[in-house]
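S.K.: Fold the following for me, if possible:
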Amino acid sequence: MDFGTGTTTGTGRTALVVGATGIAGSALVDNLAAGGWSVLALSRNPGAERPGVRWLSADLTSAESLTTVLGPENPSHVFFTAWSRRDTEEENITVNAGMVRDLLAALRGKDVAHVALMTGLKHYLGPFEAYAAGEMADTPFHEEEPRLPVRNFYYAQEDELWAAAADQGFTWSVHRAHTVIGHAVGNAMNMGLTLAAQATLCRENGEPFVFPGSETQWNGLTDMTEAGVLAEHMIWAATTPKAANEAFNIVNGDVFRWRWMWPKLAAYFGVEWEGFEGKPRTLEQSMAGRQNQWRELAGRYNLSEPELDRLASWWHTDGDLGRNIEVVTDMGKSRDAGFTGYRRTLDAFTALFDRYRAEKLIP
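M.R.: Prediction:
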């Protein structure tokens, strides 16, 4: 089923963006359309109509749905950014590897030149069920580290990608991002929008903006991935012969400590702050039961999204900020191959907050 139409005479390339309304997918659609690509934006529900973008709706867990929707299409490049969270890692493997396999099978026989797959640092840290629990490589993480001896849906997705590439003849790239911050609403893992919602509620209630995580995260070095630089990285790898058939880490390029960052985020929102004090003070606990308050606040400020659970993913931010290990990522492989994209993480946060305000997601 199609939503809207759009054509462009720019690059002569057609990109299929899978998960086009998510954090990474939205940024890819923006970057590709601005760069003159024809964009096929695949998601369960359509986004806003715009020149050069045509929306496709399919159930990624249904091979039949994918075959029907993609049958008439002939993308030159595929950018896969979608995932479906399940209760166990075995279910994650079955569903998420299956989505990659079935989507690429639906494109068999077409003129696909390159497929870029977004994964993440759970490649090095382990899946949710064994997250940062076993023996891991030293930080900063490098792409050549061997896989951990544990089942992981990222590994299964890579295996499906490689098998399809060998069968169908396209080149591939894998993009391992750290915590991704971006614009999308309704995403299960959006720290930027989660912290904006937390700070807004704290300001409205006269409460301090409390760091919810561990002492290690408060004091240690970390990094992050802004969705725009991730999109630039995926497009670069898809169009650069030297980057073909490689896995890359992708982060902003700077490092910071939350004890430095947290006061600056608090200052943006005009709230008092508290750092780590004795033990983590999780958002799932401190922000529980705030749905009605957000609806009232949304009505008072005429906000565009009255449902708090579409803005804030407390559990995910608790997980990232609650880790008891340092997580820093090496970007040397991308730099050697010619990628020069960079973001200053503080600026990425404040630019996002400005956009959230402009689009009436926060007051």
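
S.K.: use CA for all of it now, contacts and neighbours both
M.R.: Noted.

S.K.: Report how many residues lie close to Thr179.
M.R.: Thr179 is flanked by 20 other residues according to other Cα atoms under 10 Å.

S.K.: can you check Gly289 too?
M.R.: By the measure other Cα under 10 Å, the count of residues near Gly289 is 10.

S.K.: so where does it fall, helix or strand?
M.R.: Following DSSP states H and E, one finds Gly289 outside all helices and strands.

S.K.: do Val78 as well
M.R.: Under the criterion of DSSP H and E, Val78 resides in strand 77-80.

S.K.: Using the three-state scheme, assign Pro75.
M.R.: For Pro75, the assignment made with DSSP: H, G, I helix; E, B strand; the rest coil gives coil.

S.K.: Hmm, it is touching His114, no?
M.R.: No - in this structure, Pro75 is not within contact of His114 by Cα atoms under 8 Å, at 9.6 Å.

S.K.: what comes up buried for stretch 160-179?
M.R.: Using 16 or more other Cα atoms under 10 Å as the test for burial, stretch 160-179 gives 160-162, 164-165, 168, 170-179.

S.K.: Looking at the residues you listed, which are in helices?
M.R.: Of these, the ones assigned to helices by DSSP state H are 160-162, 164-165, 168.

S.K.: What number of residues are in the vicinity of His233?
M.R.: 23.

S.K.: start the count at 13, not 1, going forward
M.R.: With the count now opening at 13, the last piece we talked about shows up as His245.

S.K.: From the contact counts, what lies against the helix or strand harbouring it?
M.R.: Taking DSSP H and E as the criterion, His245 maps to helix 239-251. Helix 239-251 sits against helix 35-46, strand 126-132, strand 183-189, with contacts defined as 3 or more Cα pairs under 8 Å, 6 or more residues apart in numbering; DSSP states H and E.

S.K.: List of residues touching the longest one?
M.R.: Translated: helix 35-46. 27, 29-32, 50-51, 53, 63-65, 93-94, 192-196, 199, 202, 239-240, 242-244, 247 (Cα atoms under 8 Å, 6 or more residues apart in numbering).

S.K.: The stretch 213-362 of the chain: helices as residue ranges?
M.R.: Ranges of helices within the stretch 213-362 of the chain are 227-231, 239-251, 270-281, 295-298, 303-313, 326-333, 344-349, 357-370, based on DSSP state H, counting those that start in this stretch.

S.K.: no, scratch that, I was asking about the stretch 63-212 of the chain
M.R.: With DSSP H, counting those that start in this stretch as the criterion, the stretch 63-212 of the chain has helices at 75-82, 101-104, 110-118, 134-137, 165-180, 203-217.

S.K.: ok so, going back, send the alpha carbons of the helix holding His245 over as PDB?
M.R.: Taking C-alpha atoms only, helix 239-251 is exported to PDB below (Å, rounded to 0.1, in the frame of the first residue of the first chain):
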ATOM      1  CA  ALA A 239      21.000  10.300  14.200                       C
ATOM      2  CA  GLY A 240      22.200  12.700  11.600                       C
ATOM      3  CA  VAL A 241      25.800  11.600  11.700                       C
ATOM      4  CA  LEU A 242      24.600   8.000  11.700                       C
ATOM      5  CA  ALA A 243      22.600   8.700   8.500                       C
ATOM      6  CA  GLU A 244      25.700  10.400   6.900                       C
ATOM      7  CA  HIS A 245      27.800   7.400   7.800                       C
ATOM      8  CA  MET A 246      25.300   4.900   6.300                       C
ATOM      9  CA  ILE A 247      25.100   6.900   3.100                       C
ATOM     10  CA  TRP A 248      28.900   7.300   2.900                       C
ATOM     11  CA  ALA A 249      29.400   3.600   3.300                       C
ATOM     12  CA  ALA A 250      26.700   2.800   0.700                       C
ATOM     13  CA  THR A 251      28.400   5.000  -1.900                       C
END
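
S.K.: Show me which positions of that helix end up buried.
M.R.: Within helix 239-251, the residues that qualify as buried by neighbour count (16+ other Cα under 10 Å) are 239-250.

S.K.: same thing with stretch 155-172?
M.R.: Buried residues in stretch 155-172, defined by neighbour count with 16+ other Cα under 10 Å: 155, 159-160, 163-170, 172.

S.K.: Now pLDDT and distance to Arg347 too, for those residues, in TSV please.
M.R.: Below are those laid out as TSV (pLDDT from 0 to 100; distance: Cα to Cα, whole Å):
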residue	pLDDT	distance to Arg347
Glu155	98	13
Arg159	95	23
Leu160	93	25
Arg163	93	30
Asn164	95	27
Phe165	96	27
Tyr166	97	23
Tyr167	97	24
Ala168	98	27
Gln169	98	25
Glu170	98	22
Glu172	98	27
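
S.K.: Just the residues contacting stretch 104-114, thanks.
M.R.: In contact with stretch 104-114 (Cα under 8 Å, 6+ apart) are residues 72-75, 78, 92, 95-98, 164-166, 168-169, 172-173, 176.

S.K.: can you rerun that using 7 Å?
M.R.: For stretch 104-114, the external contacting residues (Cα atoms under 7 Å, 6 or more residues apart in numbering) are 72-73, 75, 95-98, 164-165, 168-169, 172-173.
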